[in-house]
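J.: I need the structure of the sequence given here:
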Amino acid sequence: MIRVLENEFYYLDNFQRVLDWIAERYADLLDDGERAFLTAFPALPHNARALFVRMVMRKGDLFRASKLSYAEIGCAVEAAGQLLGTGWIEADPELTLDELFDLLSKPEIAEAFGTRLRSKSARKAEQLEALREECPGTLPFSQWYGACDDLALRILVKPLCDRLRLIFFGNLHQDWTEFVLSDLGLFRYEQVEFSADSRGFRQRRDVEHYLQLHACKERFAAGEDIDAVVEDLPWHAFDNDWLDSRREKLLFQIGQHYEKLKDWDKAHGVYMRCRFPGARGRAIRVLEKHERFDQAYELLLAAQAAPESEAERQHLSRIGPRLARRLGHAKLAPRAKQTVSRIDLCLPLPNEDWWVEGVVRDHLAAEAAPVYYVENALANSLFGLLCWRAVFAAIPGAFFHPFHRGPADLYSLDFHQRRAAEFTACLAELDDGRYRDTIRRHYEEKYGLSTPFVYWDALTPELLELALACIPPLHLRRWCERILADVKTNRTGFPDLIQFWPDEGRYTMIEVKGPGDRLQDNQLRWIEYCAAHDMPVAVCYLQWEQAA
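T.: Numbering: from 1, shown residues only. Predicted structure coming up:
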């Protein structure tokens, strides 16, 4: 149920909550400016603090007092006057022409520049371009637009506030709206115990590394010259695991960019210094594209001796025969494939709105054998409900603020290992039948909480009960074990449909492929895994009937 916020200063209270949290948990990481801010902010008048937070939470750093109209604050000019002595904001700041145009409407521009405007009917962008040569410098707002009695304000400490937000959340993509959405009941989070070790950043250089990495990522996304970005990129491994995983991911993306540019040497150089999953396989592929077959084959053999994942093993199985053929080596024996059931359907093309999986679902469904479209939802949801306490275990560094959808190290290589005892206890319930009550209890108690695994909208009570009645616990164990083996990769690729025979206590998973569609790699891996462990799975190939 969505609640209405009765506290009109909710945003100020939330901001202060962040400051208090940081002061309690991160005091040793702060620089002098940040410590001074945490001390000075609560001592300001209430309306001044409220105006400041409103400015922090709005886009940009330039404002007009007339646009900062909030009933609970009162006069923005008066509140701003109480902030001027802090050095955090500036009144009547120096503005460039571009900044001025952002603040003014077209009629105000016409009034400010009068006859200097060649065309008052031109678009703002055209007027701005026409005035650039005549107005190259900066002036206070009051001098640009003397006829205006409004006050311009610039907030000077947004970077400081962004750093504080970063320290609290451990990232820059979450912002102050998290509090509001939570207070309104739109997002709800599991409450995790926070120990003294529950910190995303353990030392000041973690913060600096994050900001350095973020700047490089922003420049890369903006299309800046890739060599210039790479020059500023931190190449040394960070001693903060979750932070270093972000660095590795950016390296991998840069390697992909070089590969697209066909700069094989630079792509190979980046991949070989990167530990992100798939980097070694891409390095082999780049060497192959560069026709450095001997080096590619040598790296291939090393990878085959110790593949990092099922995905890499699958990738190598495709590259290996090509390289062996290129180098004149003996033909490699093909890897044995599992036999998978096949369903062939030829159906009339529907007249109304349709989707392939829905057509097959409706065709196969029977009163005694219902079919559900589940794709990745069912396996992940059952895993998430069974292993809830393991996923949300208060491991140091996994949760460090109240708005985590899941643990910060969810995709780390040692995610399972760090919680081995907790996961072992959860999966043990599959051996003695307790798992059904645990899954049902978590479904009721945790319903709607943010989680990386449970698809609340897709998992209806009817689907849940059919799954618990028809899927053997050994099969659930196999699903959970495979998800844990590689959380990031194995959360996807599960078959589209599941059909239940409740009277017989059995089920079948069905992957659907329409005309011209083919199985994706992650789907092939799931299908082969299920077949290898005697779990019922089939691939349905749909064709449309030809019109007479």
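
J.: Flag the shaky bits of this protein, pLDDT-wise.
T.: 1-5, 332-336, 547-548 (pLDDT under 70).

J.: Which residue ranges of it form strands?
T.: Taking DSSP state E as the test, the strands found in the chain are 62-64, 89-91, 94-95, 139-140, 152-155, 341-347, 371-373, 497-501, 506-513, 537-544.

J.: a markdown table for these, including distance to D294 and mean neighbour count?
T.: To be clear about C-beta, it is placed using only N, CA and C from the backbone, and glycine gets the same treatment. Listed next are those as a markdown table, based on distance: least, CB to CB, whole Å; neighbours: other CB atoms under 10 Å:
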| stretch | distance to D294 | mean neighbour count |
| --- | --- | --- |
| strand 62-64 | 60 | 18 |
| strand 89-91 | 64 | 19 |
| strand 94-95 | 62 | 18 |
| strand 139-140 | 66 | 14 |
| strand 152-155 | 59 | 22 |
| strand 341-347 | 41 | 12 |
| strand 371-373 | 49 | 20 |
| strand 497-501 | 47 | 21 |
| strand 506-513 | 39 | 21 |
| strand 537-544 | 39 | 18 |
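
J.: could those be laid out in TSV, adding distance to G278?
T.: TSV is the format used below for those (distance: least, CB to CB, whole Å):
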stretch	distance to G278
strand 62-64	43
strand 89-91	47
strand 94-95	48
strand 139-140	53
strand 152-155	42
strand 341-347	30
strand 371-373	29
strand 497-501	29
strand 506-513	23
strand 537-544	25
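
J.: Show me the one of the ones you listed that comes nearest A43.
T.: Proximity to A43 (CB to CB) singles out strand 89-91 among the strands of the chain, at 16.1 Å.

J.: R49 is in contact with Y11, isn't it?
T.: No. Shown here, R49 and Y11 do not form a contact pair, counting by CB atoms under 8 Å, at 10.3 Å.

J.: Now the common contact residues for these two.
T.: Here R49 and Y11 have no joint contacts, going by CB atoms under 8 Å, 6 or more residues apart in numbering.

J.: is L449 in a bridge, and if so with what?
T.: Taking DSSP bridges as the rule, L449 bridges to R188.

J.: What distance do you get for it to Q191?
T.: Using CB to CB, to the nearest Å, we find L449 at a distance of 9 Å from Q191.

J.: Same question for W355.
T.: Applying CB to CB, the value for W355 to Q191 is 39 Å.

J.: tell me the contacts of the residue lying farthest from the centre of the chain?
T.: Going by CA atoms, centre = their mean, the residue of the chain most distant from its centre is T115, 51.2 Å out. Going by CB under 8 Å, 6+ apart, T115 touches no other residue.

J.: I'd guessed W264 sits against V286; true?
T.: Yes. Contact criterion CB under 8 Å: W264 and V286 qualify, at 5.3 Å.

J.: which residues in the stretch 101-250 of the chain form helices?
T.: 106-113, 124-131, 141-144, 158-169, 177-183, 204-221, 226-232, 241-260 (DSSP state H, counting those that start in this stretch).

J.: what comes up buried for the first one?
T.: Meaning helix 106-113. Residues 108-109, 112-113 are the ones in helix 106-113 that count as buried (16 or more other CB atoms under 10 Å).

J.: picking up where we left off before, settle it for me: which of L449 and Q191 has more neighbours?
T.: Using other CB atoms under 10 Å as the criterion, L449 and Q191 rank with L449 on top: 17 against 10.

J.: roughly how far apart are that one and G406?
T.: The gap separating L449 from G406 is 11 Å, by CB to CB.

J.: how far away is E94 from L139?
T.: 7 Å.

J.: before we move on, what about L166?
T.: Distance of L166 to L139, given as CB to CB: 34 Å.

J.: cool, R165 as well?
T.: 32 Å.

J.: How about N376?
T.: Plainly put, N376 is 58 Å away from L139 if you go by CB to CB.

J.: Now do the helices in the stretch 301-450 of the chain.
T.: In the stretch 301-450 of the chain, the helices defined using DSSP H, counting those that start in this stretch lie at 310-326, 356-364, 377-386, 388-391, 415-418, 420-432, 435-445.

J.: Show me what the second one is packed against.
T.: What it means is helix 356-364. Where contact means 3 or more CB pairs under 8 Å, 6 or more residues apart in numbering; DSSP states H and E, helix 356-364 is packed against strand 341-347, strand 371-373, strand 497-501, strand 506-513, strand 537-544.

J.: Take that helix, keep the C-alpha atoms, and write them as PDB.
T.: Provided in PDB are the C-alpha atoms of helix 356-364 (Å, rounded to 0.1, in the frame of the first residue of the first chain):
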ATOM      1  CA  VAL A 356       5.300 -17.100 -30.100                       C
ATOM      2  CA  GLU A 357       5.600 -18.500 -26.600                       C
ATOM      3  CA  GLY A 358       2.000 -17.600 -25.900                       C
ATOM      4  CA  VAL A 359       0.800 -19.400 -28.900                       C
ATOM      5  CA  VAL A 360       2.700 -22.600 -28.000                       C
ATOM      6  CA  ARG A 361       1.600 -22.300 -24.300                       C
ATOM      7  CA  ASP A 362      -2.100 -22.100 -25.300                       C
ATOM      8  CA  HIS A 363      -1.800 -24.900 -27.800                       C
ATOM      9  CA  LEU A 364      -0.100 -27.300 -25.300                       C
END
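
J.: by how many degrees do that helix and strand 537-544 diverge?
T.: 100 degrees (axes from the mean of the first three to the mean of the last three CA atoms, to 10 degrees).

J.: now helix 356-364: how far from the chain's centre is it?
T.: Here helix 356-364 is found 32 Å from its chain centre; the criterion is CA atoms, centre = their mean, to the nearest Å.

J.: The fifth one now?
T.: Computed by CA atoms, centre = their mean, the chain-centroid distance of helix 415-418 equals 20 Å.

J.: Going by neighbour count, list what's buried in that helix.
T.: The neighbour-count check on helix 415-418 (16+ other CB under 10 Å) flags 415-416, 418 as buried.

J.: just the longest one next, same as before
T.: Going by neighbour count (16+ other CB under 10 Å), the buried part of helix 310-326 is 310-312, 314-316, 319-320, 323-324.

J.: What of the second one?
T.: Judged by neighbour count (16+ other CB under 10 Å), helix 356-364 contains these buried residues: 357, 359-361, 364.

J.: Make a markdown table out of those residues and add distance to L347.
T.: Below are these laid out as a markdown table (distance: CB to CB, whole Å):
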| residue | distance to L347 |
| --- | --- |
| E357 | 13 |
| V359 | 6 |
| V360 | 8 |
| R361 | 12 |
| L364 | 11 |
